[in-house]
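J.: coords please:
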Amino acid sequence: MQSVKLVQNLARFSFSRTLKSTSNLKGVQRNFSISHPRLNEQITVTFVRASGEKLTTKAKVGDNLLDVVVNNNIDLDGFGACEGTLTCSTCHLIFKPADYERLPDKPGDEELDMLDLAYDLTDTSRLGCQVILTKDMDGLEVKVPATVNDARSA
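T.: Prediction:
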């Protein structure tokens, strides 16, 4: 799973490399792009607070749900305290059963361990930092629990 994230992160950037050669190309800079064509695509995601208030925003395909909250300055108190390092459970989100079943990846052992420490845990709970958005998730609606638990302080 980490290799998938690495490829997705690398796909966000283009990079340059100077050729180190004794030929006439010495010092010539070549540009290589590994951008993914879907990275510019956006979908709509709605976060539903415990109060029922809905916060709808645009999100980039390839981002995770924690990125969406941070990049769009969505005010969710305490959300994402560990910045996606899988050391807390503050980005806990609850999915509708049908949406949960359609997620491309199932939670790994580390995520399940962190979820065990989350408040309001359900069978369709996930950590937002671990859910990568795809084009077919357009219109996704996720519930934000009323309270967060920072597992690092447990």
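J.: C-alpha from now on. contacts and neighbour counts both.
T.: Noted.
J.: could you point out which element follows the strand or helix carrying residue 93?
T.: Assigned by DSSP states H and E, residue 93 belongs to strand 92-95. Using DSSP H and E, the helix or strand that follows strand 92-95 in sequence is helix 97-102.
J.: which outside residues touch that next one?
T.: 124, 140 (C-alpha atoms under 8 Å, 6 or more residues apart in numbering).
J.: may I have that helix exported as PDB, CA atoms only?
T.: Only the C-alpha atoms of helix 97-102 are listed here, as PDB (Å, rounded to 0.1, in the frame of the first residue of the first chain):
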ATOM      1  CA  PRO A  97     -22.600   0.900   3.800                       C
ATOM      2  CA  ALA A  98     -22.800   1.000   0.000                       C
ATOM      3  CA  ASP A  99     -20.000   3.600  -0.300                       C
ATOM      4  CA  TYR A 100     -17.800   1.600   2.200                       C
ATOM      5  CA  GLU A 101     -18.200  -1.600   0.100                       C
ATOM      6  CA  ARG A 102     -17.200   0.300  -3.100                       C
END
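J.: nearest residue to residue 132 in space, please, no chain neighbours.
T.: Among residues not flanking residue 132 along the chain, residue 64 sits closest, at 4.2 Å (C-alpha to C-alpha, 6 or more residues apart in numbering).
J.: hmm, that neighbour is touching residue 128, no?
T.: Yes. At 6.5 Å, residue 64 and residue 128 qualify as touching, with contact defined as C-alpha atoms under 8 Å.
J.: give me the more crowded residue out of these two.
T.: With neighbours defined as other C-alpha atoms under 10 Å, residue 64 and residue 128 compare such that residue 128 has more, 23 against 20.
J.: and the spatially closest residue to the more buried one that is not a sequence neighbour, what does it touch?
T.: Of all residues not flanking residue 128 in the chain, residue 65 sits nearest, at 4.6 Å (C-alpha to C-alpha, 6+ apart). Each residue near residue 65 by C-alpha under 8 Å, 6+ apart is listed here: 128, 129, 130, 131, 132, 133.
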